[in-house]
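K.L.:
Output the structure for:
(one chain, ligands or ions: 1)
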Amino acid sequence: MRIRLCVVAALMSLGCGGALAADYTLGDLKIVQPWVRETPKGAKVGGGYLTITNTGSTPDRLIGGATPAAGRFEIHVMSMDNGVMKMRQMENGIEIKPGETVELKPGGLHLMMMDLKQPFAKGGEIKGTLRFEKAGSVDVVFPVQGMGAAPPGSAHSGH
Ligand SMILES: [Cu+2]
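P.N.:
Predicted coordinates:
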């Protein structure tokens, strides 16, 4: 099982740190491969990523979450604005329409964990909860992937 997930992770070029990776099912929602990126020493914010598929017939919405590893847990989007990467909070969360797959990844939609209690260390894992408008809450584990897991973004300097 874990081997298969690592292959999938490799295909998605997320790498496989050997840490526990898993898919989660919550009602009609499939939550695939949550992960957070390693943070530098002293960093107060970290990004979280995952893929959500709605296999049902009604829309749902990721509206928030929580983690004991951080004081705040927000949903953000990054976008280009006149050639400058900007980030803003998704006040109403992220809608996942029936049959749709939404990918949270570096450079786009992401979970923003702020006021970190300690840096995210590569190979570790962060426990958290995701909250959906209709499906409710699900506990997930975010393995910590290395900095090289995706293009490093300076885009969080706005925090
Ligand atoms: Cu952010």
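K.L.:
number of nearby residues for residue 84?
P.N.:
Neighbour count of residue 84, defined by other CB atoms under 10 Å: 9. C-beta coordinates here come from the backbone N, C-alpha and C atoms, glycine included.
K.L.:
measure it to the ion for me?
P.N.:
15 Å (CB to the ion, to the nearest Å).
K.L.:
Can we start the residue count at 18 from this point?
P.N.:
Sure, I'll start numbering at 18, so the last one becomes residue 101.
K.L.:
what does the model give that residue for pLDDT?
P.N.:
pLDDT for residue 101: 91.
K.L.:
element containing residue 115, please.
P.N.:
If you go by DSSP states H and E, residue 115 is not part of any helix or strand.
K.L.:
And residue 95, by the same measure?
P.N.:
Judged by DSSP H and E, residue 95 forms part of strand 87-98.
K.L.:
and the chain, which residues reach the ion?
P.N.:
By the rule CB under 5 Å from the ion, the part of the chain lying against the ion is 93, 104, 129.
K.L.:
tally of neighbours for the second one?
P.N.:
Using other CB under 10 Å, residue 104 has 18 other residues around it.
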